[in-house]
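Participant: Mind folding the following:
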Amino acid sequence: MSTLQNIWQPTAEIDTLKKRAQYLADVRLFFANRGVWEVETPILSQAAPTAPYLDSFTTDYTPIGTQTKQTYYLQTSPEFAMKRLLAAGSESIYQIARVFRNGEQGRLHSPEFTMLEWYRTGLSLNQLMDEVNALLQQVFGFKPICRLSYRGVFEFFLKLNVFSCSDDEIKQCAQERIAGLPNDLDMDRDGWLELLMSYVIEPRLAALNMPLFIYDFPASQAQLAKVITNYDGYQVADRFELYIDGVELANGYNELLDATELRQRFKSDQQKRQRDNKPQIPMDKNLLSAMESGMPACSGVALGIDRLLMLAMNKKEISTVYSFSFDKA
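Facilitator: The predicted structure follows:
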């Protein structure tokens with residue numbers, strides 16, 4: 001009976017929630033001091049990201065007096081709407097947004113969570129990494145963030161040059177190092193690389209005992225970043241990911257500005273979704289139109305606030321920094 005009586009209680013301790021509020025206030029002050037202004041964008045949209053690894057929540061809108069239902073998507077990120085603001089001349093902006101991803105729940109995942117996303121016009125990706133570094137040190141008290149290339153990470157942990165080795169070599173490496181993989185598992189090159197990153201490399205990053213940027217991803221993993229030629233002559237995605245204690249916290253891009261290229265990537269995503277028997281997602285035509293009108297050169301980053309607060313306050317699960325976890329909602 002006592003369990004039933006207490007189920008209404010918050011998941012996090014009240015002192016934790018007060019610290020959370022102070023951290024968010026300090027984040028806002030950090031951006032105010034840098035002339036980056038806060039925006040709000042719709043949570044519901046008629047379109048959604050087409051990425052095969054994202055599953056959106058949907059809801060139906062029924063106008064009063066009709067029986068017609070219109071499908072809307074809960075945002076997985078405020079990215080698309082914020083880029084429309086950039087194209088309209090907003091200059092540098094940030095948002096602390098509630099976002100939703102279907103099917104994700106666990107120690108580090110929740111179907112509903114908080115994302116800090118910001119875009120800096122005129123900043124290179126390296127300069128954006130400097131700013132992320134400053135935010136984490138000044139507001140959250142973390143150590144300076146080191147930098148290592150995607151190629152360097154794989155060579156350090158697996159002795160594998162991901163840009164020159166064959167698909168078979170990557171597959172063999174995964175089968176040797178990840179126990180329990182089915183012999184007939186069929187994946188493309190990026191699928192095997194992602195398995196190695198998730199199951200072999202990420203657990204070892206915690207042992208480094210330092211925050212780490214990983215940059216220069218394979219071009220096939222560009223997502224919405226520009227593809228460039230790096231110093232070694234390889235075509236790479238100009239993006240980074242941030243890890244602390246082996247936990248992925250942020251994803252940053254030198255943002256793609258070419259609407260034609262973006263449309264092609266959306267179509268490629270749709271083809272992958274079809275092969276994986278996933279529902280087709282309508283492309284965001286408003287975003288494409290905004291990019292066609294001209295979006296300024298910028299770098300952007302999305303950072304998981306709940307994971308960051310969990311690490312900053314030495315918690316083990318993100319649910320312990322929520323007022324109410326998903327199963328108590």
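
Participant: give me the low-pLDDT residue ranges for this structure?
Facilitator: Applying pLDDT under 70 to the chain flags the ranges 1-5.

Participant: so where do the helices sit in it?
Facilitator: 2-6, 14-33, 79-87, 125-138, 150-158, 167-177, 189-196, 202-205, 259-275, 285-294, 305-312 (DSSP state H).

Participant: Out of those, the one nearest Phe213 is which?
Facilitator: helix 125-138 (5.5 Å; Cβ to Cβ). In this view, the C-beta of every residue, glycine as well, is placed from N, C-alpha and C.

Participant: what does the closest one contact?
Facilitator: By Cβ atoms under 8 Å, 6 or more residues apart in numbering, the residues outside helix 125-138 that reach it are 27, 30, 34, 120, 123, 142-145, 147, 211, 213, 215, 238-240, 242, 250, 252-254, 299-301, 303, 308.

Participant: follow-up on the earlier one: possible to save the helices of the chain as a markdown table with distance to Asp55 and mean neighbour count?
Facilitator: Shown next, in a markdown table, are the helices of the chain (distance: least, Cβ to Cβ, whole Å; neighbours: other Cβ atoms under 10 Å):
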| stretch | distance to Asp55 | mean neighbour count |
| --- | --- | --- |
| helix 2-6 | 32 | 7 |
| helix 14-33 | 27 | 14 |
| helix 79-87 | 16 | 22 |
| helix 125-138 | 27 | 18 |
| helix 150-158 | 25 | 19 |
| helix 167-177 | 24 | 16 |
| helix 189-196 | 16 | 18 |
| helix 202-205 | 21 | 16 |
| helix 259-275 | 10 | 15 |
| helix 285-294 | 20 | 16 |
| helix 305-312 | 19 | 22 |
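
Participant: right, so of these, which gets closest to Tyr94?
Facilitator: helix 14-33 (5.1 Å).

Participant: okay, how far is it across stretch 242-251, tip to tip?
Facilitator: 7 Å (Cα to Cα, to the nearest Å).

Participant: Just the buried residues of it, please?
Facilitator: Buried residues in stretch 242-251, counting neighbours by 16 or more other Cβ atoms under 10 Å, are found at 242-245, 247-251.

Participant: For Pro52, state which of the residues you listed is nearest.
Facilitator: Nearest member of those to Pro52, counting by Cβ to Cβ, is Asn251, at 16.0 Å.

Participant: where's that closest one relative to Asp55, distance?
Facilitator: Noted for Asn251: a distance of 17 Å to Asp55, by Cβ to Cβ, to the nearest Å.

Participant: and if you look at Glu317?
Facilitator: Glu317 is 22 Å from Asp55, by Cβ to Cβ.

Participant: Over to Val247?
Facilitator: 21 Å.

Participant: Would you map out the domains in the chain?
Facilitator: Listed by automatic domain parsing, the domain ranges of the chain are 2-145+210-328, 146-209.

Participant: Filter the contacts of helix 125-138 down to just the buried residues.
Facilitator: Neighbour-count burial (16+ other Cβ under 10 Å) is assigned, among the contacts of helix 125-138, to 27, 30, 120, 123, 142, 145, 211, 213, 215, 238-240, 242, 250, 252-254, 299-301, 303, 308.

Participant: hang on, the earlier thing: which two among the buried residues of stretch 242-251 are spaced furthest apart?
Facilitator: Counting by Cβ to Cβ, the most remote pair of these is Asp245 and Asn251, 17.1 Å apart.

Participant: returning to what we had before: so for Glu317 and Asp55, which residue has more residues nearby?
Facilitator: Each of Glu317 and Asp55 has its neighbours counted (other Cβ atoms under 10 Å); Asp55 has more, 19 against 15.

Participant: nearest spatial neighbour of that one, skipping sequence neighbours?
Facilitator: Asn102 (4.1 Å; Cβ to Cβ, 6 or more residues apart in numbering).

Participant: Tell me how far the residue positioned nearest the centre of the chain lies from Gln235.
Facilitator: In the chain, the C-alpha nearest the mean C-alpha coordinate belongs to Asn251, at 4.8 Å (Cα atoms, centre = their mean). As for Asn251, its distance to Gln235 is 19 Å (criterion: Cβ to Cβ).

Participant: quick one, what contacts Asp26?
Facilitator: By Cβ under 8 Å, 6+ apart, the neighbours of Asp26 are Val139.

Participant: Mind doing that once more with 10 Å?
Facilitator: Remark: with contacts taken as Cβ atoms under 10 Å, 6 or more residues apart in numbering, Asp26 is in contact with 135, 138-140.

Participant: closest to Phe324 among the residues you listed?
Facilitator: Phe140 (23.4 Å).

Participant: quick one: the closest residue to that closest one other than its chain neighbours and Gln172, what's the gap?
Facilitator: With Cβ to Cβ, 6+ apart as the criterion, Phe140 has its nearest non-adjacent residue at 4.5 Å, and that residue is Ala312. Distance from Ala312 to Gln172, counting by Cβ to Cβ: 39 Å.

Participant: now swap in Ile201 and tell me
Facilitator: Taking Cβ to Cβ, one finds Ile201 at 16 Å from Gln172.

Participant: what's the answer for Asn33, then?
Facilitator: For Asn33, the distance to Gln172 - Cβ to Cβ - is 51 Å.
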